[in-house]
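A.B. asks: generate a structure from the sequence data that follows.
(one chain, ligands or ions: 1)
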Amino acid sequence: MTYRWETPASVWQEDERSGEFALLASEGLGQVDWQAGARGRLPDVARLLGASLPTACGCAPIYPEGFAFCPNCGKPLRRLPGTPARQPGWWGPGGESLLPRHVPHGLPVTSLPLGDSLEERPAAPHPGRPDLAMPAPPNALCVFAAAHYGFPEQRLLALAHTRGVLQYWDPAAALWHVLAPDEGAASLAFTASCYAWLPVAEPRRGEVAIVPTSAGLQRLWINPVSESYRTETVLDAPLVAAPGTMRRHIACLALFEGRVRLWSARPDTGAVEEFACPDVPEGGWSRPIGYDGRLFWLHEGGELAWRPGAAPLFTPWPPGWQPRLDFGGPTQSRDGRLWHIGHDGQGYSFLELGSEAPQRMPIDGARLGFANFLFRRGHPVLDEPWSGEHVEDQNQDDTLVLPLLRAFNNNRSQPSGLVLRLHKYTGRAEEALEARGQGRVIARGTVEWIGRRNVILDEVIRLSHPLACQPVVYDGCLWLHHPDWNLMRGWRLEEAQ
Ligand SMILES: [Zn+2]
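C.D. replies: Below you'll find the predicted structure:
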């Protein structure tokens, strides 16, 4: 004999014999295969649903939403909150929607007030350690999203986009789970270009993002109760470059009948436009950067700039000039123009982006960074991107600073953020940044916060492929992930919450 319980969002079944509750269906999750839900998952599932958990009896391991007392023995239950979480999500570069317009979008820049918390730690040269560790996702080459996806609590996802494996972190069980594709779900693999996903501002339950795949643009939904995901096709055409947004238009590069076209849509009106992009490469693009009303995709061969409503324009780089895309990304001059670093065979220079007659500013050496968070070896570059570096400590001549994340804060005159400092490195920046196999192994590095005061957060021994270091903000912590590490390192952000 079973009883059926209906709550505003879910349908449950109570087994009269055991007194236990099974979830049959829930809003946004559809029919639920409860048998698959192992008991170890229930504390996490209860928090996702806003269900109730026992406090003083062992009659059942989980109760429907809103239950305040155990119907069997009358003992009190713990009712978990059911309204979607409000804290801002994390989507990596390009997922930040709260930045002002004068900051380029699509770069590793965050408006979360990380510095206010991290700068309370002992200042350099005091060596710091992480507060926490969590296992790295089993498919470690991945991108992260931490958001509530319409649920009452934030959850962390790690998408191994080269393999199309979606991994879900169960914080109660402290385990990664691989989510299985529902029948008919698209493969999530995307390898043609750099990865970027488009977060959803007001997600419905389970709604994650609009994601690029090798077959098209897909809307991704997760079902953490059934440990599965499903997709909805937004654009059915092989993608060439990751999507971006500009003034309520989403846009990406895709192949239509073997030719690259720029596809754009207005999610609010459904209006779709397509533009020819003759003679542009079919892969190897940067993630799009939004600035000054335009989206820019950068490539070893040139830049593609697009203003909503107009035809996109591909401009090859000047003859002999090669961009250094690994050095970071576009940066701005004081007059608001956008620039990228490159090399013309003789020396480095900054080239103006988005101009028909671009200006070039020569510089005396490599500069790493993006969005005005720039370093020449171990010294910050302030003022203009081509200004002389600001030398505070001569000893930093033999270090190389790689910016990982800039924290945007209107109240600060100097940029602050997270960097990796490679010690005793006097070789070329290109060699330190090269991909695995050919790249140098750096004997010693430090993870540092550069701000009102500089803080050493941790030390890294034997680091290769430093560009693979990825910061993530999740659950009130700043985390750092590298595919070579078994553990992600975490620093608590009490003030930021
Ligand atoms: Zn009870």
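
A.B. asks: not counting sequence-adjacent ones, nearest residue to the one residue in the stretch 151-300 of the chain that gets nearest to the ion?
C.D. replies: Closest contact between the stretch 151-300 of the chain and the ion, by Cβ to the ion, is at Ala172 (21.0 Å). From N, CA and C alone the C-beta is placed, and that goes for glycine too. Closest residue to Ala172 apart from its sequence neighbours, by Cβ to Cβ, 6 or more residues apart in numbering: Pro43 at 3.8 Å.

A.B. asks: quick one: secondary structure of that neighbour?
C.D. replies: At Pro43 the chain is in helix, as set by DSSP: H, G, I helix; E, B strand; the rest coil.

A.B. asks: for the one 5 residues further on, same thing?
C.D. replies: Here Leu48 takes the helix state, with states given by three-state DSSP.

A.B. asks: so which residue is dead centre in the chain?
C.D. replies: Gly92 (1.9 Å; Cα atoms, centre = their mean).

A.B. asks: give me the phi and psi angles of the nearest residue to that one once chain neighbours are set aside.
C.D. replies: Nearest non-adjacent residue to Gly92, counting by Cβ to Cβ, 6+ apart: Val143, 5.5 Å away. Val143 has phi and psi values of phi -120, psi 150 when expressed as degrees, to the nearest 10.

A.B. asks: list the contacts of Val143.
C.D. replies: 92, 158-159, 161, 195, 197, 470 (Cβ atoms under 8 Å, 6 or more residues apart in numbering).

A.B. asks: got a list of what the closest residue to Pro483 other than its chain neighbours touches?
C.D. replies: Nearest residue to Pro483, sequence neighbours excluded (Cβ to Cβ, 6+ apart): Ala140, at 4.1 Å. For Ala140, the contacting residues are 160, 481, 483-484, by Cβ under 8 Å, 6+ apart.

A.B. asks: distance of Ala140 relative to Arg101?
C.D. replies: 35 Å (Cβ to Cβ, to the nearest Å).

A.B. asks: follow-up on the earlier one: dump the contacts of Val143 into TSV; add pLDDT and secondary structure as well.
C.D. replies: Formatted as TSV, the contacts of Val143 follow (pLDDT from 0 to 100; DSSP: H, G, I helix; E, B strand; the rest coil):
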residue	pLDDT	secondary structure
Gly92	90	coil
Ala158	98	strand
Leu159	98	strand
His161	97	coil
Tyr195	97	coil
Trp197	95	coil
Gln470	97	strand
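
A.B. asks: pick out the most distant pair among those residues.
C.D. replies: Trp197 and Gln470 (14.1 Å; Cβ to Cβ).

A.B. asks: which one's more surrounded, those two?
C.D. replies: Trp197 (27 against 20; other Cβ atoms under 10 Å).

A.B. asks: the more buried one reaches Trp91, doesn't it?
C.D. replies: Yes. Applying Cβ atoms under 8 Å, one finds Trp197 in contact with Trp91, separated by 6.4 Å.

A.B. asks: overlap in contacts of those two?
C.D. replies: With Cβ under 8 Å, 6+ apart as the test, Trp197 and Trp91 both reach 145, 209.

A.B. asks: right, and Lys291 touches Pro330 too?
C.D. replies: I think there's a mix-up here, since residue 291 is Tyr and not Lys. Yes. Under the criterion of Cβ under 8 Å, Tyr291 makes contact with Pro330 at 7.2 Å.

A.B. asks: what is in contact with the two at once?
C.D. replies: Joint contacts of Tyr291 and Pro330 (Cβ under 8 Å, 6+ apart) are 104, 338.

A.B. asks: now for Leu304, how many residues are close by?
C.D. replies: 25.

A.B. asks: after the host helix or strand of it comes which helix or strand?
C.D. replies: For Leu304, the host element (DSSP states H and E) is strand 302-306. From strand 302-306 onward toward the C-terminus, using DSSP H and E, the following helix or strand is strand 313-316.

A.B. asks: after that following strand comes which helix or strand?
C.D. replies: strand 322-323.

A.B. asks: that next one pairs with which strands, and in what direction?
C.D. replies: strand 338-343 (antiparallel) (DSSP bridges).

A.B. asks: contacts for the partner strand?
C.D. replies: 104, 291-292, 296, 298, 303, 317, 321-324, 327-333, 348-354, 361, 363, 366-367, 385.

A.B. asks: got a quick ChimeraX command for the buried subset of the residues you listed?
C.D. replies: Selecting only the buried entries of the contacts of strand 338-343 in ChimeraX, with 16 or more other Cβ atoms under 10 Å as the criterion:
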select :104,291,292,296,298,303,317,321,323,324,327,328,329,330,331,332,333,348,349,350,351,353,354,361,363,366,367,385
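
A.B. asks: please enumerate the helices of this protein.
C.D. replies: Secondary structure of the chain (DSSP state H): helices at 42-49, 114-118, 429-433.

A.B. asks: among these, which comes closest to His177?
C.D. replies: helix 42-49 (9.4 Å).

A.B. asks: about what we covered before: how far away from the center of its chain is the strand holding Leu304?
C.D. replies: 23 Å (Cα atoms, centre = their mean, to the nearest Å).

A.B. asks: give me the contacts around that strand.
C.D. replies: 246, 251, 253, 262, 264, 275, 277, 280, 285, 294-297, 312-317, 340, 353-354.

A.B. asks: can you select the buried ones among the residues you listed for me in ChimeraX?
C.D. replies: ChimeraX command restricting the contacts of strand 302-306 to the buried ones, with burial defined by 16+ other Cβ under 10 Å:
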select :246,251,253,262,264,275,277,280,285,294,295,296,297,312,313,314,317,340,353,354
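
A.B. asks: what residue ranges in the stretch 1-150 of the chain are flagged as low confidence?
C.D. replies: Applying pLDDT under 70 to the stretch 1-150 of the chain flags the ranges 36-37.

A.B. asks: what residues does it have near the ion?
C.D. replies: With Cβ under 5 Å from the ion as the criterion, the stretch 1-150 of the chain meets the ion at residues 57, 59, 70, 72-73, 75.
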